[in-house]
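*Asks:* Quick one: sequence plus predicted model below, questions after.
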There are 2 protein chains.
Amino acid sequence: MKDVPEDVPRYADMLSAMGTEPRLRIMRLLLAAHPEGMIVGDIGDELEIASSTLSHHLEKLKNEELVKVRREGTFLWYSANAAALQELLGFLYAECCTRNRAIEPRKIVAGR
Amino acid sequence: MKDVPEDVPRYADMLSAMGTEPRLRIMRLLLAAHPEGMIVGDIGDELEIASSTLSHHLEKLKNEELVKVRREGTFLWYSANAAALQELLGFLYAECCTRNRAIEPRKIVAGR
DNA sequence: CTATTATTTCGATTATGATAGAAATACAGA
DNA sequence: TCTGTATTTCTATCATAATCGAAATAATAG
């Protein structure tokens, strides 16, 4: 398992995209509604975010591949990209403890 | 399992703290060196970060409880806070799919 | 106390991001 | 085509963050 330094900026951007209160709320909401997701208007209603601001946040999450979009008529359905999230967590722990094997990576990753 | 909206800002700050290239590199380095961690000077040498800049980044990671510090003589040893990371991941997925149980949360969390 | 090394704080500059109102675009239906 | 609703883009403002050199502090050894 080698280091992949070229991926660091990409994963940093993903973390950063989730690193604000409104966007983290959006991600949690979409995860709760996984896998169908929600339409933009309902997200905005539930989180009370102005439409232009919400659009800006959704664009960022989309750019970082944290959410996916599909159109259905006049509605856009946004949903969490579970595979990308999984990748991100894998990357974070990829080298865990490689300099000292006292603790198993799974022990940290797996959680409850 | 209830929603805990008051925790959102805290976890957003944790994600944001890891959401820059230099700090994500620091976290990965400290995870690789887990659980002893590394001294500031060695982190700076390995990542080629100016000492004042590095200090700034370490302070932020420490404020968000992502790293722990202990002093040993004139050296400061920084190490990853594995428990805090675990909490963060747990929070992210806490409500996964609660609006539709088609997918098991573990399936997304567990990874390889 | 002095010298030396490790680390942080100060101060200033530059860049990036969050926000939202108003205007523009996309789609569906009559 | 005209209308109404959903969503995005435009434009501007304000706040926060990254960076680093220089000076300051912390700890140890002599």
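*Replies:* Looks like it arrived, so ask away. Residues are numbered from 1 along each chain as shown, chains lettered A, B, ... in the order given.
*Asks:* Let me see the contact set for A:Ile26.
*Replies:* Contact analysis of A:Ile26 by CB atoms under 8 Å, 6 or more residues apart in numbering or on different chains lists A:Ile43, A:Leu47, A:Leu54, A:His57, A:Leu58, A:Leu61, A:Val67. Just so you know, the C-beta spots here come from the backbone N, C-alpha and C atoms, and that holds for glycine as well.
*Asks:* Grab the nearest non-local neighbour of the fourth one.
*Replies:* The one in question is A:His57. Leaving aside its chain neighbours, A:His57 sits nearest to A:Arg23 (5.1 Å; criterion: CB to CB, 6 or more residues apart in numbering or on different chains).
*Asks:* list the contacts for the residue most central in space within chain A?
*Replies:* Centroid-nearest residue in chain A: A:Leu66, 3.9 Å away (criterion: CA atoms, centre = their mean). Counting by CB under 8 Å, 6+ apart, A:Leu66 touches A:Met14, A:Ala17, A:Met18, A:Met27, A:Ala80, A:Asn81, A:Ala84, A:Leu85.
*Asks:* Contacts for the helix or strand where A:Thr53 lies, please.
*Replies:* Under the criterion of DSSP states H and E, A:Thr53 resides in helix A:51-63. By CB under 8 Å, 6+ apart, the residues outside helix A:51-63 that reach it are A:17-18, A:20, A:22-23, A:26-27, A:40, A:43-44, A:47, A:49, A:67-69, A:78.
*Asks:* residue in chain A nearest to DNA strand C?
*Replies:* Closest approach between chain A and DNA strand C, counting by CB to the nearest atom of the strand: A:Ser52, at 3.1 Å.
*Asks:* Which helix or which strand is home to A:Leu76?
*Replies:* Here A:Leu76, judged by DSSP H and E, is contained in strand A:75-80.
*Asks:* Same question for A:Ile26.
*Replies:* helix A:21-32.
*Asks:* Wondering if that helix reaches DNA strand C at all.
*Replies:* Yes: using CB under 7 Å from any atom of the strand, helix A:21-32 reaches DNA strand C at A:Glu21, A:Pro22, A:Arg23.
*Asks:* Quick one: mean pLDDT for that helix?
*Replies:* The predicted model assigns helix A:21-32 a mean pLDDT of 96.
*Asks:* Just give me how far it sits from the chain centre.
*Replies:* Chain-centre distance of helix A:21-32: 9 Å, with CA atoms, centre = their mean, to the nearest Å.
*Asks:* tilt between that helix and strand A:75-80?
*Replies:* Counting by axes from the mean of the first three to the mean of the last three CA atoms, to 10 degrees, helix A:21-32 lies at 90 degrees to strand A:75-80.
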